[in-house]
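Asker: predicted model and sequence follow; I will ask about them next.
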Amino acid sequence: YGIKRIMIPCYLIGMTAMLAASSAGFFSDHGLILFSVGVSVYAFSITVHSAGWFSLLRFIVPAERRGAFFGRIRFAWQWIIVFFFLLTALFVGRDAPVVRLQAVIAAGTLLIIGRAAYVSRIPERRLRRRVAPFRVMLFSALANKKLAGYSFCMFTMNFLITSAVPLGFAYLKYETMVTDQMMVLFSMFSNTAMIIGFYAAGKIIDRLPLRILLKPVQFGFLTVFGIFFALSISSYDLTALAVVLICAAAALYAFSTVIVSAKMMGLVKENNVNISMAFAVGVSSGGLGLSRFFSSVIVDRYPEGLEMFGTAVSAYQGLFLLFALGLLLFTAVPYFAEKMRTRKKSVLNHVP
């Protein structure tokens, strides 16, 4: 049917759904249902955007400039987000009434009109006269072992790292009891950190092999998780340190998203770009969604009064520890597997 003929109507459907969600505060009895349905429909529209966006870009962004392109474009929209958060913080005030929060959601949602207008101007490849059935194209994408392997690898990594920032903000909100206004300002700080991550990615990624760039990200998150967990056994007010850790996690995550996007584009095959990119982005993003869901379930069912090292540990610190251990395993297993393969080859080479 064409990429833009699917994407643009979905933008408008998602915008309408999110506007409905922003009105939930006016309906005390069914507000939660309206908000949940609105956000869910909007989230579906975002998946359509992700599936089509990368396919549109695949044919107009040269391979040697993908890292710079993704870094630059995300650098630009993060600056817009920082500016929006700053205005929001000033508008919301110290303790925001619900109607002001609704106004912010509605104002941000209306910007989707601009997205639809500009996407409509991106050139699209001509439609092919004959298109293979979806099932055939999907199995073709799955048969691309490098793409499938990398997608599932990123699923696991996203599961382990993408809860860092929201868990950090939950820690600030419920453990240190910061105000609504400060939360918005801290969100602005984290988005500024993402800008730095995107900028660095745009400068570095096209100059170095992608396979070595995820290692610093993994070790960076291990450090963030470890320090966050250590905060639970401290009796001092470490709000400022928590904000620094959130910003570090945001910068590292931004850096990693540029790596993933550039790598996936290089792994898809020319005769199956749309389905391959949709599959890769879907699998990779699935780790993000599962991570948030897992975190919410653990926080809700976390045993009260759990202690470690003689000190009470909150649900947020417990999750930081779990994700740290998972990331350590995720990082260590491929390393030792490669060592074993190298050792095996060395032994075989010396066999007479």
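Answerer: Good, I have the coordinates. Residues are numbered from 1 along each chain as shown.

Asker: what's the spacing between the helix or strand encompassing M194 and its chain's center?
Answerer: M194 belongs to helix 180-204 when elements are defined using DSSP states H and E. Put simply, helix 180-204 sits 13 Å off its chain's centre (C-alpha atoms, centre = their mean, to the nearest Å).

Asker: just the CA coordinates for the next helix-or-strand element following that helix, please, in PDB.
Answerer: Per DSSP H and E, the first helix or strand lying C-terminal to helix 180-204 is helix 214-230. Output in PDB follows, covering the C-alpha atoms of helix 214-230 (Å, rounded to 0.1, in the frame of the first residue of the first chain):
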ATOM      1  CA  LEU A 214      28.600  -1.600  22.700                       C
ATOM      2  CA  LYS A 215      31.200  -2.700  25.200                       C
ATOM      3  CA  PRO A 216      31.700   0.700  26.800                       C
ATOM      4  CA  VAL A 217      27.900   1.100  27.000                       C
ATOM      5  CA  GLN A 218      27.600  -2.200  28.900                       C
ATOM      6  CA  PHE A 219      30.400  -1.400  31.400                       C
ATOM      7  CA  GLY A 220      28.900   2.100  31.800                       C
ATOM      8  CA  PHE A 221      25.500   0.700  32.800                       C
ATOM      9  CA  LEU A 222      27.100  -1.800  35.100                       C
ATOM     10  CA  THR A 223      28.700   1.100  36.900                       C
ATOM     11  CA  VAL A 224      25.400   3.000  37.100                       C
ATOM     12  CA  PHE A 225      23.500   0.000  38.400                       C
ATOM     13  CA  GLY A 226      26.300  -0.700  41.000                       C
ATOM     14  CA  ILE A 227      26.400   2.800  42.400                       C
ATOM     15  CA  PHE A 228      22.600   3.100  42.400                       C
ATOM     16  CA  PHE A 229      22.400  -0.100  44.400                       C
ATOM     17  CA  ALA A 230      25.000   1.200  46.900                       C
END
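
Asker: follow-up on the earlier one: pull out the buried positions in the helix holding M194.
Answerer: Neighbour counts over helix 180-204 (16 or more other C-beta atoms under 10 Å) mark 180-202, 204 as buried. Any C-beta I mention is one placed from the backbone N, CA and C, and that applies to glycine too.

Asker: can you name every helix or strand that it contacts?
Answerer: helix 66-92, helix 164-174, helix 239-267 (3 or more C-beta pairs under 8 Å, 6 or more residues apart in numbering; DSSP states H and E).
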